[in-house]
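Asks: Pasting the sequence and the predicted model now:
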Amino acid sequence: MIQSNAISQGMASDSAYARRAAWAKMATERAFEFWRSIMKKIATLAALAVLGAALPAAAQSQGHAPICLQSYDIDRTTVVNPQKILFRLKDGKVYSSKLRSPCLGLRFNGFVYVTPVDEICGGSQSIRVLQTNQVCVLGPFQPEQIGAKAG
């Protein structure tokens, strides 16, 4: 009987060891997946930043100087439709940008952008729709006369 008790205790400790090993493996896998998703997001944002920095240079090399807005001068944005955004500046000026392609969910989810400097250049800046993560590129900025009285 003493021998069977020792065997059952040995099995219990093996079972506890197996549970701890399984838990440790599961925790390691979860941590790996967590950091993998973080790294994917960082890589996506870095790619957007590189794209945003490279496109103005390409536009200027073609002889077109894009209109750039200082991000700190932007008071608010208005999504007119899936392909047009108005940028209202603090000084009252308004610029529109027609996106290169429709950006679905833009009106309801909003958007973010990443720039290496504090300016957004029309025709080259990419934006990302919140919730859907769709990436769209702004078209050239055009000055708008909104609310101006005809003289």
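Replies: Nice, thanks for sending it over.

Asks: How about the contacts made by R30?
Replies: R30 makes contact with no residue, according to Cβ atoms under 8 Å, 6 or more residues apart in numbering. Heads up, the C-betas are built off the backbone N, CA and C, glycines and all.

Asks: does it sit in a helix, a strand or a coil?
Replies: What DSSP: H, G, I helix; E, B strand; the rest coil gives for R30 is helix.

Asks: now it: how far from R100?
Replies: As judged by Cβ to Cβ, to the nearest Å, R30 and R100 stand 39 Å apart.

Asks: One more: F111?
Replies: The gap separating F111 from R100 is 14 Å, by Cβ to Cβ.

Asks: Look at these two and report which has more neighbours.
Replies: The neighbour count for F111 versus R100, taken as other Cβ atoms under 10 Å, is higher for F111 (21 against 13).

Asks: Surely R76 is in a helix?
Replies: No: using three-state DSSP, the assignment for R76 is strand, not a helix.

Asks: which residues touch it?
Replies: R88.

Asks: Mind doing that once more with 10 Å?
Replies: Applying Cβ atoms under 10 Å, 6 or more residues apart in numbering to R76 gives the contacts L86, F87, R88, L89, K90.

Asks: Show me where the protein has its helices.
Replies: In the chain, the helices defined using DSSP state H lie at 2-61, 106-109.

Asks: hey, least reliable of those helices by pLDDT?
Replies: Among those, helix 2-61 carries the lowest mean pLDDT, a mean of 68.

Asks: circling back to that earlier point, most neighbours, which of the contacts of R76?
Replies: Counting neighbours by other Cβ under 10 Å, the top entry in those is F87, with 22 neighbours.

Asks: does the nearest residue to that residue once chain neighbours are set aside have beta-bridge partners, and which?
Replies: The spatially closest residue to F87, leaving aside those adjacent along the chain, is Y95, at 4.7 Å (Cβ to Cβ, 6 or more residues apart in numbering). Beta bridges link Y95 to F87, P143, judged by DSSP bridges.

Asks: what about Y95, how many residues close to it?
Replies: The number of residues packed near Y95 is 19, by other Cβ under 10 Å.
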